[in-house]
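Chemist: got a sequence here, can you build the structure:
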Amino acid sequence: MVDWWRDAVVYEVYVRSFADADGDGTGDLAGLRARLGYLAELGVDAVWTTPWYRSPMVDGGYDVEDHRAVDPLFGTDADAVALITEAHRLGLRVVIDVVPNHTSDRHRWFRAALAAGPGSPERARYHFRSGRGDRPPNDWRSVFGGPAWTRAPDGEWYLHLFAPEQPDLDWDHPEVRADFEDLLRFWFARGVDGVRIDVAHGLLKDPAFPDLGIDDEEIVRPPDRSRHPHWDRDGVHEIYRSWRRVAAEFGPDRVFVAEAWVDRPDRLARYVRPDELHTAFNFDFLRCAWDPEALRAVIDRTLEALHAVGAPATWVLSNHDVVRHVTRFGGGALGTRRARAALLLMLALPGGAYLYQGEELGLAEVEDLPEAVLADPTWERSGRTRRGRDGCRVPLPWSGTTPPFGFTGNGVPTWLPQPAGWRTLTAETQAADPGSMLRLYRAALAARRAHPALGDGTLTWSPAPEGVLWFAREPGFGCVVNLGEEPCELSGDARVLLASGPLDGGRLPPDTAVWLAGS
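Modeler: As a prediction, this is how the structure comes out:
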């Protein structure tokens, strides 16, 4: 199907933590390939993999040394080809991660830039500048904490909006643009179906490099990105128009999804205009509180802005950069109950959806990892005040009653330790439990695929009691989510297709959702 991406459910694999085949405690491509049948049975349409490229792993693979080579930690180039082939055999499409904002400091371009010195053509591919005496060129801050500039041995400073080992590329340089277009062709020719664009909003910088005068929190979420000197600058759209033309060389079914952190839905819509990217993550929905008015407002704003440019919405609850939503929704039994309801809400909305590995098992954030094992650069860059993202990246529990829970076959400890309490949450245990989170995910994805009302399209809000979201989709489908404190009466003539938890007679309990037929 040419427009498969308009309503696809895509499963994110954080490769390092999904499944380990070679027994070193770290996930790899062979481990993922061996578990593709699990994903096909789950009922997703595509798999998005985090970077598997050659990297020093300072930022979990997002510090890329060579986008065209598989890192030995994850396997070989042949493993990547075999993975793509096997996924296609099972009816799964493959979306890979590309990191265009920066490279590793071990990239051949950056090594050449350091060796060549100030004023050289090699340095023109990055942002090297003279400082202000012994101070950096401006006051920009790294997303991971600390200054966004590091001084080279010869005295010049280079820009890195993330870790010092991730120097930012200068996207005004024609060689940078040409190399990434060739990179896209390289992977499309090997059969990948799509590309997720890391930091899609961050490629271009104001050449004047003005001071910002803001703190660490505002560097991530500035008050107004539309006039920001390095986030969401208008010139990025010409880059993505050229990328869209590259994808078209391989047919109409090769697609892009943008990781674009913007401040308004209309700014997000600019990335998915008909001649640019196909889809973009909906972080407003991800960050929204468990509140009926706030959720309805986000849904309405999203659909209005994206439909105006003919693009589908995408919905997401968790990913490898944020606290898992079971924890965000309150943790424990409350967070789990809300997470089950949120799944039915998300999958009933028009457009596509992204799932993050382990959410189908109901995994919560691991908040008590020992400091000695923390690997996220945020930990050190923040002066050990922010623990970073490791808590959502702990390797998955597959089977058994003790760590490593089948993640690796020989009992080697996982690269981040798994909680002993996960013995009740393994995929093996949940597959046998009709009331488990895994079985709910399988049932919801199967029902979504079978019902003609679900997928891309529109919705109509229905009258509802306070604290309740109720909408209809044609033909003959209703979704009701009770975010209030009291049970909600359901329509007597509606048939229940699926519920996130037990109903109270004909009433929907708080923090519960239901799909209805004929409503």
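Chemist: low pLDDT regions in the stretch 401-519 of the chain?
Modeler: 519 (pLDDT under 70).
Chemist: which parts of stretch 271-282 are buried?
Modeler: 271, 272, 273, 276, 277, 278, 279, 280, 281, 282 (16 or more other CB atoms under 10 Å). No exception for glycine: its C-beta is placed from N, CA and C like everyone else's.
Chemist: and what about residue 59, helix, strand or coil?
Modeler: coil (DSSP: H, G, I helix; E, B strand; the rest coil).
Chemist: my guess is it meets residue 164, correct?
Modeler: No: using CB atoms under 8 Å, residue 59 makes no contact with residue 164, being 10.7 Å away.
Chemist: thinking again about what came up before, list just the nearest of the buried residues of stretch 271-282 to residue 399.
Modeler: residue 281 (31.5 Å; CB to CB).
Chemist: in JSON lines, list the buried residues of stretch 271-282 along with distance to residue 439 and secondary structure.
Modeler: Shown next, in JSON lines, are the buried residues of stretch 271-282 (distance: CB to CB, whole Å; DSSP: H, G, I helix; E, B strand; the rest coil):
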{"residue": "271", "distance to residue 439": "36", "secondary structure": "helix"}
{"residue": "272", "distance to residue 439": "34", "secondary structure": "helix"}
{"residue": "273", "distance to residue 439": "40", "secondary structure": "coil"}
{"residue": "276", "distance to residue 439": "39", "secondary structure": "coil"}
{"residue": "277", "distance to residue 439": "35", "secondary structure": "coil"}
{"residue": "278", "distance to residue 439": "32", "secondary structure": "coil"}
{"residue": "279", "distance to residue 439": "28", "secondary structure": "strand"}
{"residue": "280", "distance to residue 439": "31", "secondary structure": "strand"}
{"residue": "281", "distance to residue 439": "27", "secondary structure": "coil"}
{"residue": "282", "distance to residue 439": "26", "secondary structure": "coil"}
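Chemist: compare residue 59 and residue 164 (neighbour count), which wins?
Modeler: For residue 59 versus residue 164, the count of surrounding residues by other CB atoms under 10 Å is larger for residue 59: 23 against 19.
Chemist: against residue 183, how distant is the closest residue in space to residue 130 that isn't next to it in sequence?
Modeler: Nearest residue to residue 130 in three dimensions, chain neighbours excluded: residue 156, at 6.2 Å (CB to CB, 6 or more residues apart in numbering). Distance, residue 156 to residue 183, using CB to CB, to the nearest Å: 27 Å.
Chemist: same drill for these two, tell me which one is more crowded.
Modeler: Legend: neighbour count by other CB under 10 Å for residue 156 and residue 183, higher for residue 156 (19 against 16).
Chemist: from what I see, the more buried one and residue 116 are in contact.
Modeler: No: applying CB under 8 Å, one finds residue 156 not in contact with residue 116, separated by 11.2 Å.
Chemist: mutual contacts of these two, please.
Modeler: Taking CB atoms under 8 Å, 6 or more residues apart in numbering as the contact rule, residue 156 and residue 116 both touch residue 123.
Chemist: for residue 57, phi and psi?
Modeler: The phi/psi pair for residue 57 (degrees, to the nearest 10) reads phi 60, psi 30.
Chemist: near it, how many other residues are there?
Modeler: Count around residue 57 with other CB under 10 Å applied: 18.
Chemist: what's near enough to touch it?
Modeler: With CB under 8 Å, 6+ apart, residue 57 has these contacts: 63, 71, 73.
Chemist: how close does the residue nearest in space to the middle of the chain get to residue 281?
Modeler: Most central in the chain under CA atoms, centre = their mean is residue 319, positioned 4.5 Å from the mean C-alpha point. Distance of residue 319 to residue 281, given as CB to CB: 8 Å.
Chemist: then residue 5?
Modeler: Taking CB to CB, one finds residue 5 at 13 Å from residue 281.
Chemist: quickly list what's touching both of these two.
Modeler: In contact with both residue 5 and residue 281: residue 257, using CB under 8 Å, 6+ apart.
Chemist: I figured residue 239 hits residue 203, correct?
Modeler: Yes: taking contacts as CB under 8 Å, residue 239 lies within contact range of residue 203: 6.3 Å.
Chemist: mind checking which of these two has more residues around it?
Modeler: Set side by side, residue 239 and residue 203 show more neighbours around residue 203, with 24 against 20, by other CB under 10 Å.
Chemist: the residue nearest to the more buried one when sequence neighbours are not counted is in what secondary structure piece?
Modeler: With CB to CB, 6+ apart as the criterion, residue 203 has its nearest non-adjacent residue at 4.4 Å, and that residue is residue 171. Using DSSP states H and E, residue 171 is not contained in any helix or strand.
Chemist: any chance of the buried residues of stretch 271-282 in JSON lines, plus distance to residue 122 and pLDDT?
Modeler: Below are the buried residues of stretch 271-282 laid out as JSON lines (distance: CB to CB, whole Å; pLDDT from 0 to 100):
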{"residue": "271", "distance to residue 122": "31", "pLDDT": "98"}
{"residue": "272", "distance to residue 122": "35", "pLDDT": "98"}
{"residue": "273", "distance to residue 122": "35", "pLDDT": "98"}
{"residue": "276", "distance to residue 122": "31", "pLDDT": "98"}
{"residue": "277", "distance to residue 122": "31", "pLDDT": "98"}
{"residue": "278", "distance to residue 122": "35", "pLDDT": "98"}
{"residue": "279", "distance to residue 122": "36", "pLDDT": "98"}
{"residue": "280", "distance to residue 122": "34", "pLDDT": "97"}
{"residue": "281", "distance to residue 122": "34", "pLDDT": "96"}
{"residue": "282", "distance to residue 122": "39", "pLDDT": "94"}
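Chemist: and the residues you listed, which is closest to residue 298?
Modeler: Nearest member of the buried residues of stretch 271-282 to residue 298, counting by CB to CB, is residue 282, at 8.0 Å.
Chemist: residue contacts, the closest one?
Modeler: Residue 282 touches 268, 298, 302, 313, 314, 315, 316, counting by CB under 8 Å, 6+ apart.
Chemist: please apply the same query to residue 58.
Modeler: Residue 58 sits next to 104, 163, 165, 166, 377 when contact means CB under 8 Å, 6+ apart.
Chemist: let's verify the first one: helix, strand, or coil?
Modeler: Going back to what we said before, that points to residue 104. Residue 104 ends up coil, using three-state DSSP.
Chemist: from memory it sits against residue 56, does it?
Modeler: Yes: counting by CB under 8 Å, residue 56 is a contact partner of residue 104 at 5.8 Å.
Chemist: between the two, tell me which one has more neighbours.
Modeler: Applying other CB under 10 Å to residue 104 and residue 56 shows that residue 104 carries more neighbours, namely 27 against 14.
Chemist: any idea of the pLDDT on the more buried one?
Modeler: On the pLDDT scale, residue 104 is placed at 98.
Chemist: try residue 218
Modeler: With respect to pLDDT, residue 218 has a value of 52.
Chemist: repeat that for the one 10 residues further on.
Modeler: Looking at residue 228, its pLDDT reads 92.
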